[in-house]
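*Asks:* Show me how the following folds:
(2 chains)
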Amino acid sequence: MNQSLIYLIRRLGFYLVAGWAAITLNFFIPRLMPGDPASIIFARFRGKLKPEAMNALRETFGLTDEPLIGQYWTYLKSIVQGDFGISIAYFPEPVTSVIASGLSWTIFLAGTSLIISFAIGTFLGTLIAWNRGGKLDSILPPSLAFIGAFPYFWLAMVFLYLFGFKLGWFPLGHSYSDSVTPGANIQFVLSAIYHAILPALTMILVSIGGWMLSMRNTMISTLGADYITFARAKGLRSRLIMLRYAARNAILPNFTGFGMALGFVLSGALLTEIIFSYPGQGYLLLQAVTSQDFPLMQGVFMTITFTVLAANWLVDIAILFLDPRTRS
Amino acid sequence: MLIKYFRTNPYPIVALYFFLIGCEESDHEGKRALTIYQESQASWVRNFNPLTPAGSARWPTSSGIYEPLFIYNSVKAEYVPWLGLDYNWNSENTVLYLTTRSGVKWSDGKLFTAEDVAFTFNLKKIHAGLDTRDSWSYLKEVKALNDSTVKFEFKRVYVPGFDDVAGQPIVAKHIWKYVEDPIKFTNPDPVGTGPFTEVSRFESQIWELNKNLNYWQKGKPEIDKLKFPTFPGNEQVTLALISGKLDWAGAFIPAIDRVFVEKDPENHRYWFPQTGHTTFFYLNTKKSIFTDKTVRKAISYAIDRDLVVKVGMYDYTVPAHLTGVSGQMSKWHPPDIEKKENWVKYSPKKANEILDSLGYSKNSSGTRETQNGEVLSFDIIIVTGWSDWIRSAQIISKNLEGIGINARVKTYDFGAWISRMQKGEFDMAIGWAEKGTTPFPLYKGMMASEYIKPVGTVADGNWHRFNHPLADSLFREFEKTSDRNEIREILFGLQYLFIDQAPAIPLFAEASWAECNTKYFTNFPSEKNPYATLSPNYPPENLFVLVNLKNK
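*Replies:* Numbering: from 1, shown residues only, chains lettered A, B, ... in the order given. All right, here's what the predicted structure looks like:
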């Protein structure tokens, strides 16, 4: 166990360095973009504001000409204090509260669809690898790879048009019906589920093929291993061999992939959310970038970065338990 | 296994689906709220501060919850008294006396007085960040003489300052005097004088605004409630409009007759009136070749505006007028305007003649060159994704190719585009011009030397960097007079100067986008009933619509 502790601490050290690098890039990259937020807000009005209004805008947003390195120190200090500053696009709302409003919906929508797609995909992969050459094995991989090749926002638009607009089976957007009040009541929960089905479905359909194929491939090479033959020779039940012997070993690469995907969830649902008018993070990020809202951009990227790092660390821990080889 | 189970027993899934739908159908209890789209957002942030740089406060904060003193009606081209009743200047135009309306109440029942007006302006003096109209660059003192008179004393004579005074949303002194930092105040529960003031619901994807029972216009507004669902983009708005989920919107919809009106010709309506303003084709006048006004006119002759309007703008508008002043603003045109050289008429022949006579001869590949052998080759910069302007620029590019000028369309991200424009780092671009209640801001924005900065430095206005001494002196005269005839004469002078100099090339008249659904509500402005513009995108003009809409 001592060995594993050292391993975990080493990984943690690595993540800390990665975290610092991300924080630093997060500061400098947005500032390399041409233009400044006051000009962009002014220009949005397309001549409805007088040129003189620029003075007031600069004053309000407190845009400084302080040298970058000085700004960087102030930035590091406030990050440590958990203060991400005030959003410019949503002035004067603090960045943390702007992000908080969208984050839970994104985690609900993208997180659920990721877990569903991971679970079903991995399970199907196990199944078709076990019965390789069977009917499912010849139908599923090509058809899901075909669907997976669609850009997910395109699929989202087709689904919205077909099932939302033409057939009217599902709502056209939003995360719950306007007639329910958000809170701990059954109507709100059901409405939220109903509204999530269509966007979740598009994300699941597109990503499921990847999970299935990677599981199938590792599974097949695992099935050729000596211990599987040995297990068969012992006369173990085939379901036991499939799940406890083969799948448990074959799932490791998928788990690592899950850790990566968990982070991309926060950013990846961007277009799906916009298409379904879903009040998540996706539109926030777009808004932050188009209005050069540095504080908001930093806040959104920071949540994404830290989720990726945290998720990967959790996966490291999980793999430690799943794979005894990492412990020695 | 599960799949097999559901194949033989689909009932649980079907039952679940109908159960979920059942929860949705309780939608239409009571009267329908007027459902509006004006801002693109995916989640609402509660901000009703009418004084912060507009844009971060929810629509209609400054044009529904709060109200200005006078509202300019762009369809009728006149000021309508609102919280203000009347105004007059002293003989030197250094003091403005403004009478406020009596009998107006704040939504909390307290009386509105001239004190509130003076307080609002003085608040902008203390907090420079609130002064988005830059009023204190010419104001000296604002005070209430009694309950219904405000005295505005000016530092220097600046008559156009009235536009800034007129449009200022007024806040309540008895509330805002306790606000510590009005710049960062989000004003979650606003107290206003407007027709709709009571926020009855606020969630991230929808909010609702109820009417002000104390509203000063007796019996108005007739509708009880406004509703604002979030829409992140035009596609979502279009779908909602077609399926009847929206009553009023200000969105650009391509091929609107087929897409929107045909679905319900009885109720689905739109009206895209001209705003009186113009979209321009800008040439950077710091480029040596574009310093020559005849070159600028030659380029203008080469542009086929009918095609630009047809292909680029879906025929929603008309080619620009020579002066860049159109629609209701045309009342400012000089009477002899028809006799002037009309260089916005399409004539590639004339363009070629001018360029030939200036010695820009064509080389072997048919492109013109300067005497030094430099090829006339330029970039037209446009914002990525602004498809109407991109198509327009592509047509212009083709047109210019026809007269031997090589012009490539280049798209940039909005921030990068703005930065290039402000710094004067462009050859050619499509852009807007300053708007106002007279053509004065338009011409000042494109000809005043005070805005000009060296290329590479951010300029707040006049991005193509054109100036003329006559223009500057006309602007100074304009700022000093409140006499109607003198104003007309100066505006004539500016138009003659514009026609003579061609500082920018007018492309097409600007139109405002607006759609409505008359199934539940009536008395929307239209071509037959043009009491105001239909578009909600020009606050505070939308107040005319909000108070006059009726339930069906």
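*Asks:* For the residue nearest to residue B:506 when sequence neighbours are not counted, which residues are in contact?
*Replies:* Spatial nearest neighbour of residue B:506, excluding adjacent residues (Cβ to Cβ, 6 or more residues apart in numbering or on different chains): residue B:320 at 3.4 Å. (Glycine included, C-beta is placed from N, CA and C.) With contacts defined as Cβ atoms under 8 Å, 6 or more residues apart in numbering or on different chains, residue B:320 is in contact with B:278-280, B:305, B:326, B:344, B:506-509.
*Asks:* now those residues as JSON lines including pLDDT, distance to residue B:80 and secondary structure?
*Replies:* What follows is those, written out as JSON lines (pLDDT from 0 to 100; distance: Cβ to Cβ, whole Å; DSSP: H, G, I helix; E, B strand; the rest coil):
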{"residue": "B:278", "pLDDT": "95", "distance to residue B:80": "24", "secondary structure": "strand"}
{"residue": "B:279", "pLDDT": "96", "distance to residue B:80": "27", "secondary structure": "strand"}
{"residue": "B:280", "pLDDT": "97", "distance to residue B:80": "29", "secondary structure": "strand"}
{"residue": "B:305", "pLDDT": "97", "distance to residue B:80": "34", "secondary structure": "helix"}
{"residue": "B:326", "pLDDT": "90", "distance to residue B:80": "22", "secondary structure": "coil"}
{"residue": "B:344", "pLDDT": "96", "distance to residue B:80": "33", "secondary structure": "coil"}
{"residue": "B:506", "pLDDT": "97", "distance to residue B:80": "29", "secondary structure": "strand"}
{"residue": "B:507", "pLDDT": "97", "distance to residue B:80": "31", "secondary structure": "strand"}
{"residue": "B:508", "pLDDT": "96", "distance to residue B:80": "28", "secondary structure": "strand"}
{"residue": "B:509", "pLDDT": "96", "distance to residue B:80": "23", "secondary structure": "strand"}
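*Asks:* Output these in JSON lines; the columns should cover distance to residue A:262 and neighbour count.
*Replies:* Shown next, in JSON lines, are the contacts of residue B:320 (distance: Cβ to Cβ, whole Å; neighbours: other Cβ atoms under 10 Å in any protein chain shown):
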{"residue": "B:278", "distance to residue A:262": "52", "neighbour count": "28"}
{"residue": "B:279", "distance to residue A:262": "47", "neighbour count": "24"}
{"residue": "B:280", "distance to residue A:262": "50", "neighbour count": "23"}
{"residue": "B:305", "distance to residue A:262": "54", "neighbour count": "24"}
{"residue": "B:326", "distance to residue A:262": "56", "neighbour count": "23"}
{"residue": "B:344", "distance to residue A:262": "58", "neighbour count": "22"}
{"residue": "B:506", "distance to residue A:262": "54", "neighbour count": "25"}
{"residue": "B:507", "distance to residue A:262": "50", "neighbour count": "29"}
{"residue": "B:508", "distance to residue A:262": "50", "neighbour count": "26"}
{"residue": "B:509", "distance to residue A:262": "52", "neighbour count": "26"}
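*Asks:* and whichever residue of the stretch 151-300 of chain B sits closest to chain A, how many neighbours?
*Replies:* Closest residue of the stretch 151-300 of chain B to chain A, Cβ to the nearest Cβ: residue B:184 (4.0 Å). Neighbourhood size, residue B:184 [other Cβ atoms under 10 Å in any protein chain shown]: 16.
*Asks:* So it lies in a helix, does it not?
*Replies:* No: counting by DSSP: H, G, I helix; E, B strand; the rest coil, residue B:184 is not part of a helix but coil.
*Asks:* does the residue lying closest to it once chain neighbours are set aside count as helix, strand or coil?
*Replies:* Excluding its sequence neighbours, the residue lying closest to residue B:184 (Cβ to Cβ, 6+ apart) is residue A:92, at 4.0 Å. Of the three states, residue A:92 takes coil according to three-state DSSP.
*Asks:* Show me which helix runs longest in chain A.
*Replies:* What stands out as the longest helix in chain A, according to DSSP state H, is helix A:186-223.
*Asks:* Now do the same contact list for residue 148.
*Replies:* Chain wasn't specified; assuming chain A. Residue A:148 neighbours (Cβ under 8 Å, 6+ apart): A:205-210.
*Asks:* you looked at the wrong chain, it should be chain B
*Replies:* B:85, B:99-102, B:113-114.
*Asks:* out of those, which are inside helices?
*Replies:* Those of those lying in helices (DSSP H): residue B:114.
*Asks:* Buried subset of the contacts of residue B:148, written for PyMOL?
*Replies:* This is the PyMOL syntax for the buried subset of those, where burial follows 16 or more other Cβ atoms under 10 Å in any protein chain shown:
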select buried, chain B and resi 99+100+101+113+114
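*Asks:* And the furthest pair within the contacts of residue B:148?
*Replies:* The largest distance within these, taken as Cβ to Cβ, falls between B:85 and B:113 and amounts to 12.9 Å.
*Asks:* Count the residues that sit near residue B:528.
*Replies:* 6.
*Asks:* Which positions in the stretch 151-300 of chain A make contact with chain B?
*Replies:* With Cβ under 8 Å from any Cβ of the partner chain as the criterion, the stretch 151-300 of chain A meets chain B at residues A:157, A:160, A:164-165, A:169, A:171-180, A:182, A:187, A:190-191, A:193-194, A:273-275, A:277-280, A:282-284, A:287, A:290, A:292.
*Asks:* Residue B:322 sits in which helix or strand?
*Replies:* Using DSSP states H and E, residue B:322 maps to neither a helix nor a strand.
*Asks:* nearest residue to it other than its sequence neighbours?
*Replies:* In this structure, residue B:322 finds its nearest non-sequential neighbour in residue B:344, 5.0 Å apart by Cβ to Cβ, 6+ apart.
*Asks:* was I right about that neighbour contacting residue B:323?
*Replies:* No: judged on Cβ atoms under 8 Å, residue B:344 makes no contact with residue B:323 at a distance of 9.2 Å.
*Asks:* Determine the residues that are contacts of both of those two.
*Replies:* Joint contacts of residue B:344 and residue B:323 (Cβ under 8 Å, 6+ apart) are residue B:506.
*Asks:* How about stretch B:466-473 and chain A, touching?
*Replies:* No: judged by Cβ under 8 Å from any Cβ, stretch B:466-473 and chain A are separated, with a smallest distance of 14.1 Å.
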